[in-house]
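>>> Quick one, fold the following:
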Amino acid sequence: MKKIGIIGAMQEEIDTLIPMIEDMKIENISHLPFYIGAYNDIEVIVVRCGVGKVNAAMCTQILVDKFNPDYVINIGVAGAVSDVVSIGDIVLSTYLVEHDFDCTAFGYEKGIIPRLESSKFIADDELLKIAEKSKNILSDINFFNGVIVSGDVFVSSKAMKDDLYTRYGAMCTEMEGASIAHVCHLNSKPFLVIRSMSDKADGDAPENFNDFVLKSAENSKLFIQEMIRNM
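All right, here's what the predicted structure looks like:
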């Protein structure tokens, strides 16, 4: 039986997934709730990692060590960086970069992690193909494939947003995906990051952000279910 680990930063981002899990049990490890069971003959582990890169990295390593999933998927919301992406659209990662990693004092470009063979963490091609095949379940949503950048900062200025686009060609920005991808890369685990746009990363968020997160979570559930059915 294949095994998939699904990580969300906030409880609201995973709450819609929990009811789909058959024969579910909950295991708490290092204050993290792991919801374990199955869906459509695929073993499923859903976990809330908390906000930020350290929380996400710690959670991912525990997920890998304890449960050894075949695939890791990160879901959640993000801020749109590219002008072609609008609120409500979904971005599928092609690769991810930690945009706040800064060793420019030593001659490295921003985002480069010294002594690592690559600072671009490339998403799994098979998972991208499964995601492409699953898009029809959300026929009213626009999907984009592209670069996602992550950092321990909520991007809310046009200047920073413009820099992320110019420097990395980013489609969107958030606070966990690249660290999850980093850990998956070091453990040779196939991964994909799936993000729904909640704002334009310029300080203007939707009037009712909480309602948007809940709608995004419902879309994520439908999309994840379709991906699992297509595995």
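
>>> CA atoms for contacts and neighbours, from now on please.
Noted.

>>> Across the sheet, point out what pairs with residue 32.
Here residue 32 sits in beta bridges with residue 29, as judged by DSSP bridges.

>>> Which residues are in contact with it?
Contacts for residue 32 (C-alpha atoms under 8 Å, 6 or more residues apart in numbering) come out as 47, 48, 49, 59.

>>> Quick check: the second one vs residue 97, distance?
Between residue 48 and residue 97 the computed distance is 22 Å (C-alpha to C-alpha, to the nearest Å).

>>> Neighbour count for those two, which is higher?
It is residue 97, of residue 48 and residue 97, that has more neighbours when counted by other C-alpha atoms under 10 Å, with 28 against 23.

>>> Around the residue nearest to that one when sequence neighbours are not counted, count how many other residues there are.
In this structure, residue 97 finds its nearest non-sequential neighbour in residue 149, 4.9 Å apart by C-alpha to C-alpha, 6 or more residues apart in numbering. Neighbours of residue 149 under the rule other C-alpha under 10 Å: 30.

>>> so which helix or strand takes in residue 149?
Here residue 149 sits within strand 143-150, counting by DSSP states H and E.

>>> Which positions in that strand come out as buried?
By 16 or more other C-alpha atoms under 10 Å, the buried positions in strand 143-150 come out as 143, 144, 146, 147, 148, 149, 150.

>>> what's it packed up against?
Packing contacts for strand 143-150, counted by 3 or more C-alpha pairs under 8 Å, 6 or more residues apart in numbering; DSSP states H and E, involve strand 90-98, helix 158-168, strand 170-174, helix 177-186.
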